[in-house]
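Chemist: sequence unknown, structure follows:
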């Protein structure tokens, strides 16, 4: 059990250090060109933080769903999460450019940069609906509320020698990870989806041979408690985040044997 878990029974972290780890970044983070003043935050049993007071909290109340790590990690990793219920608030063009700039600087095999993004805003109904129809039905139901949707596309071959790029999909994932970290730093959330219709995307957007649609992204701000959202989406967003323990995927001498780095053996 981590120090973030120990105090959940009382509705707060177990010690001041843990509390500070949650409070400090949020109370000093710059949003929308304004320096946010300290707000009163409440840690819920689900491991989420709820803003209750303060100038920023009153204007943009929403649940902040934090990770509960067993070991120290960067605050941006703690704060990154994937909401289902999105606010109607738009994402600025400047912020979107910065998100894709972060993707641009992701690492890739031989610096091939095999990623492409097809982006649509809800304020532009025709292209937005095109992207929306490339999602499976279950994802369309909630993703239609996001202000921005994007499809990721992987180029399958190296330009330098036309050989298959085995790392293409991996590198698209790295680009999206960089985009997601930049988004989190700006108070924006990204929900990634594998549930898409690649053939429909290829036809709708004329994706050429040698490339394929891989995933979709919903980009925006989590819905506040006073904004309309289906109860089922609210429930999903309140569900505690869970991850496998390190011992289940960090191996040493053989595959499946926990590394001594983790076990301490």
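Modeler: Looks like it arrived, so ask away. Everything quoted here is computed from the prediction, not taken from an experiment.

Chemist: Looks to me like residue 78 is in a helix.
Modeler: Yes. Under DSSP: H, G, I helix; E, B strand; the rest coil, residue 78 sits within a helix.

Chemist: Tell me how many other residues surround it.
Modeler: Applying other Cβ atoms under 10 Å, we find 20 other residues in the vicinity of residue 78. Just so you know, the C-beta spots here come from the backbone N, C-alpha and C atoms, and that holds for glycine as well.

Chemist: Hmm, residue 72 and it touching each other?
Modeler: No. Taking contacts as Cβ atoms under 8 Å, residue 78 lies outside contact range of residue 72: 9.7 Å.

Chemist: Could you report the distance from residue 203 to residue 169?
Modeler: Using Cβ to Cβ, to the nearest Å, we find residue 203 at a distance of 21 Å from residue 169.

Chemist: State the number of residues packed around residue 141.
Modeler: Residue 141 has 14 nearby residues by other Cβ under 10 Å.

Chemist: SS state for it?
Modeler: helix.

Chemist: Please name the residues that touch it.
Modeler: Residues counted as contacts of residue 141 (Cβ atoms under 8 Å, 6 or more residues apart in numbering): none.

Chemist: tell me the pLDDT at it?
Modeler: With respect to pLDDT, residue 141 scores 93.

Chemist: which regions of this protein sit below the pLDDT cut-off?
Modeler: Low-confidence segments of the chain, defined by pLDDT under 70: 1-64.

Chemist: repeat that for 50
Modeler: 1-61 (pLDDT under 50).

Chemist: Can you tell me the element the closest residue to residue 148 other than its chain neighbours falls in?
Modeler: Once flanking residues are discounted, residue 148 sits nearest to residue 219: 4.0 Å by Cβ to Cβ, 6 or more residues apart in numbering. Here residue 219, judged by DSSP states H and E, is contained in strand 211-220.

Chemist: For residue 203 and residue 169, indicate the residue with more neighbours.
Modeler: residue 169 (16 against 11).

Chemist: What sits closest to the more buried one if chain neighbours are left out?
Modeler: residue 154 (5.2 Å).
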